[in-house]
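S.K.: Turn this into a structure:
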Amino acid sequence: MAQEFRTITQRVTLVNAAIRSRGLSFAVWAATGLLLCVAQAPIARADPASCLETVSSYVAEVDQLLAKEKNWIMPFVDLNNRYPSFVDCDTDALLLVTWRSRFLQSINYNPQAKQFIVLFSNDNVIAGFSYFPLKKKSGPPFVGWAKK
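M.R.: Numbering: from 1, shown residues only. As a prediction, the model looks like this:
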């Protein structure tokens, strides 16, 4: 955000200099260009509430699939394609949502990678995702067969 602010400030300074040196018609064009540049700047990250809604939906769908699917993995692959990642979640709230799953196998923390690994399983299929609290972003969800 600070970098964006510096960039916008620099743009305003350039527009002011152009106004002084070239006159009013150039100032109109310069102001229009500035507005277009500012409009293209990213405004904010995803909303934490919408992220938690997405995680809740993912966990509910994983639970439904794990209750129903024992020998077919493609529905999980389709699910993971619909939920590529979770961005800007509150870590504690995200972990509380995952605790509600009846198929939660484990939540592990890897201190070297600074990530949580959340696993769901029905003893045939393992599904899950990793979450990086410092980046406030998950890795892509994964699925595989459980070893028996």
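
S.K.: and this protein, what are its domains?
M.R.: 2-40, 48-145 (automatic domain parsing).

S.K.: Throw those into CSV and include mean neighbour count, thanks.
M.R.: Just so you know, the C-beta spots here come from the backbone N, C-alpha and C atoms, and that holds for glycine as well. Putting the domains of the chain into CSV (neighbours: other Cβ atoms under 10 Å) gives the following:
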stretch, mean neighbour count
domain 2-40, 12
domain 48-145, 16
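
S.K.: I figured Ser106 hits Leu119, correct?
M.R.: Yes: taking Cβ atoms under 8 Å as the contact criterion, Ser106 and Leu119 are neighbours in contact, 5.0 Å apart.

S.K.: Pretty sure Asn124 is one of the things Ile73 touches, is it not?
M.R.: No: the criterion here is Cβ under 8 Å, and Ile73 misses it with Asn124 at 9.1 Å.

S.K.: Asp78 belongs to a helix?
M.R.: Yes: counting by DSSP: H, G, I helix; E, B strand; the rest coil, Asp78 is part of a helix.
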